[in-house]
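Trainee: Would you be able to build a 3D model of this:
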Amino acid sequence: MCSETRRNFCICAAAADSSQASESSSGEEIDRLIDKLRSTDSQLIVAENVLAFDSKFWLRLATRTDLCKSEDDEVDLEELASNIMQLVERIVQKTEEKIETSTDVLMAILEPVAGSKNEEIVWPPRDPDALQRVRKELMHRESAGYLDDGFLAEVNAQLRQAKKDADKPGLLALLQKVLQLYAATFLAKTSYAKRDGVVDEAEELLENIISADSEAWDSMIRSGVDLGGGPVKSVDLRKMAKKRIERILLRTEGGSYKQRILVEYLKEIERSVDMVVAAFSS
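Mentor: Numbering: from 1, shown residues only. This next block holds a predicted model:
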């Protein structure tokens, strides 16, 4: 386990020890809770079991991380620990301050481009830095735990309305960009490119594409795959994208907005790879 993650485990364990929470869970109960958190969207489970995150929980999770036989499992448990820490902190904050609604959060994210409610949204934005401010606000809200399925439902509702109105192409494009930025932000949190000091070039290229603006995907794929003189076989790049999709399907709640948005984002990358390969073959 990396030293930073170990440090965070110890901090949480110490904090839980000093609190007057509930009685500590048994080892088997803790393992069942960890397995449940790994197999589905953890937000509701954390909320329902917030008092269970005591020192014994964090120490057991740290032990299980150290005992992992594969680096994938170790990365997954470290990511799980980070997510739980953030969610518990969010729950504590909810008791101390008024939490903004999903609509409030979305409006704050859109504000750098949307401006006032009466302004027509121009796409692409006239201000070249506006999208960077949107990205920054979205990342801030994500780190604070606001971008839950309720938020994603709000974005999708606004998206459906914008399609129905048919006279707001700027808003439609901006909302679609927000979903792309959400997917990129979430997927970029976990890296699988480096294993035992060895870099998987296909995974590294995929991760670079995930973090980039969609407008840059084609050029990155062309220069990165072997058909364009790059070091990565196009079939390996598609394989990595499919593996990411499989991970998302296994580790997110089935049918949730989160799962659908992340899978669609990765499928968009797959389609871009196919288009580039087809262009080289024509």
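Trainee: Could you use CA atoms for every contact and neighbour count after this?
Mentor: Fine.
Trainee: Flag every buried residue along the helix or strand in which residue 88 is found.
Mentor: Using DSSP states H and E, residue 88 sits within helix 71-94. For helix 71-94, the neighbour count (16 or more other CA atoms under 10 Å) marks 74-75, 77-81, 83-88, 90 as buried.
Trainee: Equivalent analysis for stretch 172-186, please.
Mentor: 172-175, 177-186.
Trainee: for stretch 207-219, same thing?
Mentor: Buried, per 16+ other CA under 10 Å, within stretch 207-219: 207, 209-211, 214, 217-218.
Trainee: Rounded mean pLDDT for it, please.
Mentor: Averaging pLDDT along stretch 207-219 yields 96.
Trainee: Stretch 178-189 too?
Mentor: Here the average pLDDT along stretch 178-189 is 96.
Trainee: and if you look at stretch 57-69?
Mentor: For stretch 57-69, the mean pLDDT works out to 90.
Trainee: Report the buried residues of that stretch.
Mentor: Quick answer for stretch 57-69 (16+ other CA under 10 Å): 57-62, 64-65.
Trainee: just to revisit the earlier point, quick one: which of the buried residues of helix 71-94 is nearest to residue 119?
Mentor: Distance to residue 119, by CA to CA, is smallest for residue 90 among the buried residues of helix 71-94, at 33.3 Å.
Trainee: Phi and psi next, for the nearest residue to the closest one once chain neighbours are set aside.
Mentor: Spatially, and ignoring its direct neighbours in sequence, residue 90 is nearest to residue 145 (6.3 Å; CA to CA, 6 or more residues apart in numbering). Geometry field for residue 145 lists phi and psi as phi 90, psi 20, criterion degrees, to the nearest 10.
Trainee: ok, now which ones touch residue 145?
Mentor: By CA atoms under 8 Å, 6 or more residues apart in numbering, the contact set of residue 145 is 86-87, 90.
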